[in-house]
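Student: Structure of the sequence below:
(one chain, ligands or ions: 2)
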Amino acid sequence: MKLNEQKIGFLGAGKMASAIIRGLLKSGISKENICAGEKYEPSAEVARKDFGIFVTADNAEIVKRSDVLIIAVKPKDIAEALSTAGPTGQKLFISIAAGVTTASLEEMIGKDARVVRVMPNICATVLESATGICPGKNASKEDVALAKEIFSTVGVAMEISEDLLDAVTGLSGSGPAYIFPVIEAMADGAVYAGLDRKTAMILAAQTVIGAAKMVIETGDHPAVLKDMVCSPAGTTIVGIQTLEEYSVRAAFMNAVIDGAEKSKEIGKKK
Ligand SMILES: NC(=O)C1=CN([C@@H]2O[C@H](COP(=O)(O)OP(=O)(O)OC[C@H]3O[C@@H](n4cnc5c(N)ncnc54)[C@H](O)[C@@H]3O)[C@@H](O)[C@H]2O)C=CC1
Ligand SMILES: O=C(O)[C@@H]1CCC=N1
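Tutor: Ligands and ions are numbered 1, 2, ... in the order given. Below is the predicted model:
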């Protein structure tokens, strides 16, 4: 199953679907092979204009046209989107919905449904998603490989067992929202210290990119990298002391745990 031979249909054409569509188009997938079901006409129109793809409010039409369906509506809207999807046959369903388990998707689509559950993040918009992927009980190795190929067009994609996908959701699914305020707050500090806002924002964001690259490219533990920055009696260790005083590391750790628990809770409701 080659990716460029697949007809890919999205149920929902919101923020995440748009990010993934952008990645697929950038990687050379033809716009003729992508379509989307979107019930809110202004969003449908934006997707038509931005991507030149076929978009309709008729989900059954999207299912008919597609080999692979990507469920990209909010968890609470999945039941409705699937109830309007018409016959689904043996098509592959890939869900990016937070918390919703492959078992509950199989229950909604059909007990033999081929389902892959995926947790990407909003950085797919700039092709830098960190994505976890797990198969449902009827998905084949090829199905997982295809999902991996799709999500590799928008960043890094890794197979993870389903019992750990809530942890992935708390970490990389929600994570960008934990880092954006860090960038804003660091820039605020620099503005306080006299830098103009634009310069402060660029330097703060680039600092996050650079720090992330250091972790990935050196393979060193973050604590080792932190020590490289902290000169004895220097400027950094005083900042580290402040972060420790405010329990910033505990706050980040708890934020990820909270996100993972919420994901689990959403899964129990379905
Ligand atoms: N926003 C994020 O950072 C991330 C979101 N997700 C998951 O991605 C999914 C989509 O989230 P977003 O793109 O943020 O939401 P969104 O609200 O931007 O997009 C959802 C779209 O689905 C449409 N829709 C709702 N019911 C529909 C139906 N029955 N038929 C057709 N279209 C319908 C809405 O009009 C909307 O345009 C969610 O399940 C979320 O858990 C996963 C990872 C990250
Ligand atoms: O907040 C949410 O529920 C979605 C899923 C992961 C990121 N955003």
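Student: Leaving out chain neighbours, which residue sits closest to whichever residue of the stretch 101-250 of the chain sits closest to ligand 1?
Tutor: Taking CB to the nearest ligand atom as the measure, the stretch 101-250 of the chain has residue 122 as its residue closest to ligand 1, at 3.7 Å. Any C-beta I mention is one placed from the backbone N, CA and C, and that applies to glycine too. Residue nearest to residue 122 in three dimensions, not counting chain neighbours: residue 176, with 5.1 Å by CB to CB, 6 or more residues apart in numbering.
Student: that's a strand at that neighbour, yeah?
Tutor: No: per DSSP: H, G, I helix; E, B strand; the rest coil, residue 176 lies outside any strand segment and is helix.
Student: re the thing from before, OK, contacts around the residue of the stretch 101-250 of the chain closest to ligand 1?
Tutor: 15-16, 19, 129, 176-177 (CB atoms under 8 Å, 6 or more residues apart in numbering).
Student: who wins for most neighbours among those?
Tutor: residue 129 (27 neighbours; other CB atoms under 10 Å).
Student: give me phi/psi at the nearest residue to that residue once chain neighbours are set aside?
Tutor: Closest residue to residue 129 apart from its sequence neighbours, by CB to CB, 6+ apart: residue 155 at 3.4 Å. Backbone geometry at residue 155, expressed as degrees, to the nearest 10, gives phi 140, psi -150.
Student: Kindly report the same for residue 32.
Tutor: When read as degrees, to the nearest 10, the backbone of residue 32 gives phi -70, psi -20.
Student: what does the one 3 residues further on give?
Tutor: Dihedral pair for residue 35: phi -150, psi 170, per degrees, to the nearest 10.
Student: Can you name the residues of this protein that neighbour ligand 1?
Tutor: For the chain, the contact set with ligand 1 under CB under 6 Å from any ligand atom comprises 11-17, 37-40, 43, 59, 72-75, 77, 80-81, 84, 96-98, 119-122, 173.
Student: Return only those of these found close to ligand 2.
Tutor: Checking the residues of the chain next to ligand 1 against ligand 2 by CB under 6 Å from any ligand atom, the ones in range are 98, 173.
Student: so the residue nearest to residue 160 when sequence neighbours are not counted bridges to which residues?
Tutor: Nearest non-adjacent residue to residue 160, counting by CB to CB, 6+ apart: residue 132, 4.1 Å away. Taking DSSP bridges, one obtains residue 119, residue 158 as the residues bridged to residue 132.
Student: All further residue positions should be reported with the first residue as 313.
Tutor: In the new count, where the first residue is 313, that last one comes out as residue 444.
Student: Where does the residue of the chain most remote from its centre sit: helix, strand or coil?
Tutor: Farthest-out residue of the chain from its mean C-alpha position, per CA atoms, centre = their mean: residue 545, at 40.7 Å. Secondary structure, three-state DSSP: residue 545 is coil.
Student: So what's the residue count around residue 522?
Tutor: Neighbour count for residue 522, taken as other CB under 10 Å: 9.
Student: My error: substitute residue 527 in the last question.
Tutor: 12.
Student: can you give me the helices for this structure?
Tutor: Counting by DSSP state H, the chain has helices at residues 327-338, 353-363, 371-377, 390-395, 414-421, 453-464, 477-480, 487-504, 509-530, 534-541, 547-557, 560-581.
Student: Tell me the pLDDT of the residue nearest to residue 434.
Tutor: Residue 488 is assigned 98 on the pLDDT scale.
Student: repeat for residue 581
Tutor: Reading off the model, residue 581 has pLDDT 73.
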